[in-house]
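S.K.: Need coordinates for the below:
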Amino acid sequence: MIQLLFTLIFAEMALIVVFVFKTPLRKLVIMGLDRVKRGRGPIVVKTVTGTVFVVMLATVYNAVAIQRRWIQEGEVNPTDQILHAKHLLEASLMGFSLFLALMIDRLHHYIRELRLRRKSMEAVKKQNRVFEDSKLSVSEEIKVMEEEMTKLRGRIKQLETQLEEKTKEASSAKPMLSL
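M.R.: Next up is the predicted model:
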């Protein structure tokens, strides 16, 4: 049982190390966990976790029972010492493996969320770039229109002066005609 627990803990630690560093293996592990979390996977994981937790509690109870017997009898039996140490080791390994399983679940969740947030940020950045590009083209259009407007205002002033000159000529020419 202890060898199995050590193997489980080292496998969980290796999985956490794979999650921490961005490698091609990390993407493969994330995809594998995504598939495990679909269908009946969560039920199986919860069942196994619950079973390990109950076995851990039973092991802790046995270790406490051995310790109570020492207190009542007053003497320590070498066999009980070995059993007590074994129960404590098994309980701590089971607790640690449950803790690492929880860490793996949370890391998987956070890495998936981070990936989704990055994708949405990229989409927002693209939209922002498109908006900035359109904003630049609109500002260029505004500049061209302002230049055209200044040219047209100049043309209007020129036409107004020409009109004033013609009206002056016409007003000065009318009195001559009436004579």
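
S.K.: Now do the contacts for Leu100.
M.R.: Contact partners of Leu100, counting by Cβ atoms under 8 Å, 6 or more residues apart in numbering, are Ile9, Glu12, Met13, Ile16. Backbone N, C-alpha and C define where each C-beta goes, glycine included.

S.K.: Helix or strand: which one has it?
M.R.: For Leu100, the host element (DSSP states H and E) is helix 78-178.

S.K.: mind checking how far that helix is from the chain centre?
M.R.: 20 Å (Cα atoms, centre = their mean, to the nearest Å).

S.K.: quick one: average pLDDT of that helix?
M.R.: If you average the pLDDT over helix 78-178, you get 86.

S.K.: do stretch 20-27 as well
M.R.: For stretch 20-27, the mean pLDDT works out to 88.

S.K.: start the count at 31, not 1, going forward
M.R.: Okay, using 31 as the starting number, the last item reads as stretch 50-57.

S.K.: List the buried residues in it.
M.R.: By neighbour count on 16 or more other Cβ atoms under 10 Å, the buried set for stretch 50-57 is Arg56.

S.K.: As CSV, could you dump the C-alpha coordinates of it?
M.R.: Only the C-alpha atoms of stretch 50-57 are listed here, as CSV (Å, rounded to 0.1, in the frame of the first residue of the first chain):
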residue,chain,number,x,y,z
VAL,A,50,4.0,24.7,-14.1
PHE,A,51,6.3,24.8,-17.2
LYS,A,52,4.9,25.5,-20.6
THR,A,53,5.9,22.6,-22.8
PRO,A,54,4.1,20.7,-25.6
LEU,A,55,3.5,17.9,-23.0
ARG,A,56,1.4,20.4,-20.9
LYS,A,57,-1.1,20.9,-23.8
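
S.K.: Need the residues that contact it.
M.R.: In contact with stretch 50-57 (Cβ under 8 Å, 6+ apart) are residues Val48, Phe49, Leu137, Ile141.

S.K.: Please name the nearest non-neighbouring residue to the second one.
M.R.: Take Phe49 and drop its neighbours on the chain: the residue closest to it by Cβ to Cβ, 6 or more residues apart in numbering is Leu137, 4.5 Å away.

S.K.: what sits against the one you found?
M.R.: Residues in contact with Leu137 (Cβ under 8 Å, 6+ apart) are Ile46, Phe49, Val50.

S.K.: next SSE after the helix or strand hosting the first one?
M.R.: Mapping Ile46 onto the secondary structure by DSSP H and E places it in helix 32-50. Per DSSP H and E, helix 32-50 leads on to helix 54-66 as the next helix or strand towards the C-terminus.

S.K.: How far away from the center of its chain is that next one?
M.R.: 16 Å.

S.K.: got the angle for it vs helix 108-208?
M.R.: 100 degrees (axes from the mean of the first three to the mean of the last three Cα atoms, to 10 degrees).
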